[in-house]
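J.: Only the shape, not the letters, is given here:
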């Protein structure tokens, strides 16, 4: 694909991919259990029309249900066939009947935070797509926030690879002299910690590090957590919504974000505004979960599609039963549209999981 290169990295190894697939199967298992809890059983063949009637999804949430049915078929938990009269029929496969929850079966890859958040979302998913509960209220109550904080942590190997890859890439780019860095969507600070660790390992220095988030509370919390990581005069806090970036300033040598930019309402517009915050010759480094194509559903979508900022994405023909995560080539195109130079999009070797996207402002 044009402008995209595949690179080998030890972060995305065979054990990682096996663990990722296990979590994907756990997500399908959770979906089936959510249906069973409401008396919807796929043990015997059932017409798709009858299943849709039983689920009673609200019209506005139909893309969420379409995603779920595609995902169950993708993970080979459900088989779809055409019955008498052309009716679409769904039935459990042997895998769908027999798959069992083995907890965290990969000692080298800690996936429990994913499993717990997926399991929690499964307790209200069906009511959410029926419009009976507001999912963001469940995902951001006290129980939900505690699960998010563990999910976005560097001890959660399934997620942390994206932090680590970005941290290594940016730390290698930092020159011997000090520099200024703006981090977007700092959240709970795991990407920040990964980067600062890599900077120290290379004996490099930061003149000023700005943590930012749309949430003032998260920005302040990240600032407090990082007080021991940087001297107070080098650490800045900024409340910044990626959809409301004010252009201009030429303030930063580097802009850094991990799994943030795909949430932008107008990605090219936000990236263009961020480009103008860079000093001439400055560089943006993004780490993003990506998909190989729009026939591929990612287990992360099960949770994130319940959030209002996670918009449908897909082909130009209007097939939008995917959410949020783009393809590597989409990132190349949008970086071009935003006016960046020296664009690079690297995706991991093997099953496509992540990408590092970089681009520079003209000098």
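T.: Ah, there it is. For clarity, every value in this text was computed on a predicted model and none was experimentally measured. Residues are numbered from 1 along each chain as shown.
J.: can you pull out the strands in this structure?
T.: Using DSSP state E, the strands of the chain run over residues 4-7, 46-47, 78-82, 88-92, 179-183, 206-213, 235-239, 252-258, 278-289, 312-313, 322-323, 341-348, 354-360.
J.: would you turn those strands into JSON lines with distance to residue 196 and mean neighbour count?
T.: In this view, the C-beta of every residue, glycine as well, is placed from N, C-alpha and C. Below are those laid out as JSON lines (distance: least, C-beta to C-beta, whole Å; neighbours: other C-beta atoms under 10 Å):
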{"stretch": "strand 4-7", "distance to residue 196": "24", "mean neighbour count": "14"}
{"stretch": "strand 46-47", "distance to residue 196": "53", "mean neighbour count": "16"}
{"stretch": "strand 78-82", "distance to residue 196": "45", "mean neighbour count": "14"}
{"stretch": "strand 88-92", "distance to residue 196": "48", "mean neighbour count": "17"}
{"stretch": "strand 179-183", "distance to residue 196": "10", "mean neighbour count": "23"}
{"stretch": "strand 206-213", "distance to residue 196": "8", "mean neighbour count": "21"}
{"stretch": "strand 235-239", "distance to residue 196": "10", "mean neighbour count": "16"}
{"stretch": "strand 252-258", "distance to residue 196": "11", "mean neighbour count": "24"}
{"stretch": "strand 278-289", "distance to residue 196": "14", "mean neighbour count": "21"}
{"stretch": "strand 312-313", "distance to residue 196": "32", "mean neighbour count": "17"}
{"stretch": "strand 322-323", "distance to residue 196": "31", "mean neighbour count": "24"}
{"stretch": "strand 341-348", "distance to residue 196": "22", "mean neighbour count": "20"}
{"stretch": "strand 354-360", "distance to residue 196": "18", "mean neighbour count": "24"}
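J.: now these as TSV including distance to residue 246 and mean pLDDT?
T.: Putting these into TSV (distance: least, C-beta to C-beta, whole Å; pLDDT from 0 to 100) gives the following:
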stretch	distance to residue 246	mean pLDDT
strand 4-7	31	96
strand 46-47	54	92
strand 78-82	48	93
strand 88-92	50	94
strand 179-183	13	98
strand 206-213	13	95
strand 235-239	11	93
strand 252-258	13	98
strand 278-289	14	98
strand 312-313	27	90
strand 322-323	28	92
strand 341-348	22	98
strand 354-360	20	98
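J.: Nearest to residue 108, out of those?
T.: Nearest of these to residue 108, taken as C-beta to C-beta: strand 341-348 at 17.3 Å.
J.: which other residues reach that closest one?
T.: The contact list for strand 341-348, computed with C-beta atoms under 8 Å, 6 or more residues apart in numbering, reads 3-9, 11-12, 290, 328-329, 331-332, 335-336, 354-362.
J.: With adjacent residues omitted, what lies nearest to residue 239?
T.: Once flanking residues are discounted, residue 239 sits nearest to residue 216: 4.7 Å by C-beta to C-beta, 6 or more residues apart in numbering.
J.: Please determine how far that neighbour is located from residue 241.
T.: Here residue 216 is placed at a distance of 11 Å from residue 241 (C-beta to C-beta, to the nearest Å).
J.: which one of the two has more residues nearby?
T.: For residue 216 versus residue 241, neighbours defined as other C-beta atoms under 10 Å are more numerous around residue 241 (15 against 11).
J.: which ones are touching the nearest residue in space to that one that is not next to it in sequence?
T.: Spatially, and ignoring its direct neighbours in sequence, residue 241 is nearest to residue 214 (4.3 Å; C-beta to C-beta, 6+ apart). Residues near residue 214 by C-beta under 8 Å, 6+ apart: 185, 239, 240, 241, 242.
J.: quick one, which of the strands of the chain is nearest to residue 36?
T.: Of all those, strand 88-92 sits nearest to residue 36, with 10.9 Å by C-beta to C-beta.
J.: Each with direction, which strands does the closest one pair with?
T.: Counting by DSSP bridges, the strands paired with strand 88-92 are strand 46-47 (antiparallel), strand 78-82 (antiparallel).
J.: Relative to residue 304, which of these is closest?
T.: Of all the strands paired with strand 88-92, strand 78-82 sits nearest to residue 304, with 22.0 Å by C-beta to C-beta.
J.: number of nearby residues for the residue lying closest to residue 271 once chain neighbours are set aside?
T.: The shortest distance from residue 271 to any non-neighbouring residue, by C-beta to C-beta, 6+ apart, is to residue 338 (3.6 Å). Counted by other C-beta under 10 Å, the residues lying close to residue 338 total 20.
J.: which helix is the longest one in the chain?
T.: Longest helix in the chain, counting residues (DSSP state H): helix 14-36.
J.: Contacts for that helix, please.
T.: With contacts defined as C-beta under 8 Å, 6+ apart, helix 14-36 is touched by 41-42, 55, 68, 71-72, 75, 77, 92, 96, 99, 101-102, 105-106, 108-109, 111, 114-115, 118-119, 121-123, 125-126, 157-158, 161, 298-299, 302, 350-351, 353.
J.: Which residue ranges of the chain form helices?
T.: For the chain, the helices defined by DSSP H cover 14-36, 48-55, 62-74, 94-98, 112-122, 125-129, 135-139, 142-151, 157-173, 190-201, 216-225, 267-275, 300-304, 328-337.
J.: want to throw these into CSV with mean pLDDT?
T.: What follows is the helices of the chain, written out as CSV (pLDDT from 0 to 100):
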stretch, mean pLDDT
helix 14-36, 97
helix 48-55, 94
helix 62-74, 95
helix 94-98, 97
helix 112-122, 98
helix 125-129, 97
helix 135-139, 96
helix 142-151, 97
helix 157-173, 98
helix 190-201, 96
helix 216-225, 86
helix 267-275, 97
helix 300-304, 97
helix 328-337, 97
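J.: Done for today, thanks.
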